[in-house]
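> Predicted model and sequence follow; I will ask about them next.
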Amino acid sequence: MEVAKAALRSEIKRQKELVGAERKMDHARKVFGVVESMEEFKQAKTVLAFWSLPDEIYTHDFIMKWAGLKHIALPVMVGDYLELRLFSSKESLVKSSNFSIFEPSKNKLVEPDQVDFAIIPGVAFDMQGNRLGRGKGYYDKLLPKLNKAIKVGVGYNFQLVGQVPVAEHDVMVDRVVCM
């Protein structure tokens, strides 16, 4: 199982390295166009997103667009878990020492049961909603707590694969949008 996951992570990493800046922006526009058209997103008051790393589908413009219209929560790593904090501005983000992820600093906590719509990163997804993360289990611990949220995995088209190898502890998403 772990060998299959490692091989898939390696293959997706290789493909991500081939994506140029213009293509990254084009994919992000298409993915978030679909997300914004979802009725569940339109109705959502509190949206969980993530401030993308350089190899992830670009989320910064989406977050900035919606931050004044919806409550946008971003994850913050605290030990082995993610806590959610309200995004207020780009200036409120600080680079974490763990993985160089930008996170809201000292902003208001958001309880997982307040989230109506969750945009979830992943290394790979399949059409059944299985998700392969980076291997630390942060989202596998968070996703079950998002009990009223629709959970939508987002990524590039090559991140949608035939079948993601899954273990007992892996948590699925409700929908996948990869373009």
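Right, received. Where do you want to start?
> partners of the longest strand belonging to the chain in the sheet?
With secondary structure taken from DSSP state E, the chain has its longest strand at strand 71-78. Sheet pairing for strand 71-78, assigned by DSSP bridges, gives strand 46-48 (parallel), strand 81-86 (antiparallel).
> So what touches it?
45-51, 63, 66, 82-87, 96, 98-99, 101, 103-104, 110, 114-115, 138, 142 (CB atoms under 8 Å, 6 or more residues apart in numbering). All C-beta spots, glycine's among them, are computed from the backbone N, C-alpha and C.
> roughly how far apart are residue 164 and residue 155?
12 Å (CB to CB, to the nearest Å).
> which residues do the two both contact?
Joint contacts of residue 164 and residue 155 (CB under 8 Å, 6+ apart) are 124, 125.
> Can you get me a residue count around residue 163?
Number of residues near residue 163 (other CB atoms under 10 Å) recorded here: 12.
> Just give me the neighbour total for the closest residue in space to it that isn't next to it in sequence.
Of all residues not flanking residue 163 in the chain, residue 126 sits nearest, at 5.3 Å (CB to CB, 6 or more residues apart in numbering). Residue 126 is flanked by 19 other residues according to other CB under 10 Å.
> I figured residue 126 hits residue 159, correct?
No - contact criterion CB atoms under 8 Å: residue 126 and residue 159 do not qualify, at 9.9 Å.
> Show me where this structure has its helices.
2-16, 21-37, 39-43, 60-66, 138-142 (DSSP state H).
> Might you calculate how far the longest strand of the chain sits from the centre of the chain?
Its chain's C-alpha centre and that of strand 71-78 lie 11 Å apart, by CA atoms, centre = their mean, to the nearest Å.
> For it, give the mean pLDDT please.
Here strand 71-78 scores 96 as its mean pLDDT.
> Could you do stretch 1-15 as well?
Here the average pLDDT along stretch 1-15 is 95.
> low pLDDT regions in the chain?
97-98 (pLDDT under 70).
> 90 instead?
The chain contains residues with pLDDT under 90 at 1-2, 92, 96-101, 105-107, 135, 168-169.
> ok, back up a step: quick one: contacts for the residue nearest to residue 163?
Residue 126 neighbours (CB under 8 Å, 6+ apart): 160, 161, 162, 163, 164, 176.
> Buried subset of the residues you listed, written for PyMOL?
A single PyMOL command selects the buried members of these (16 or more other CB atoms under 10 Å):
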select buried, resi 160+161+164+176
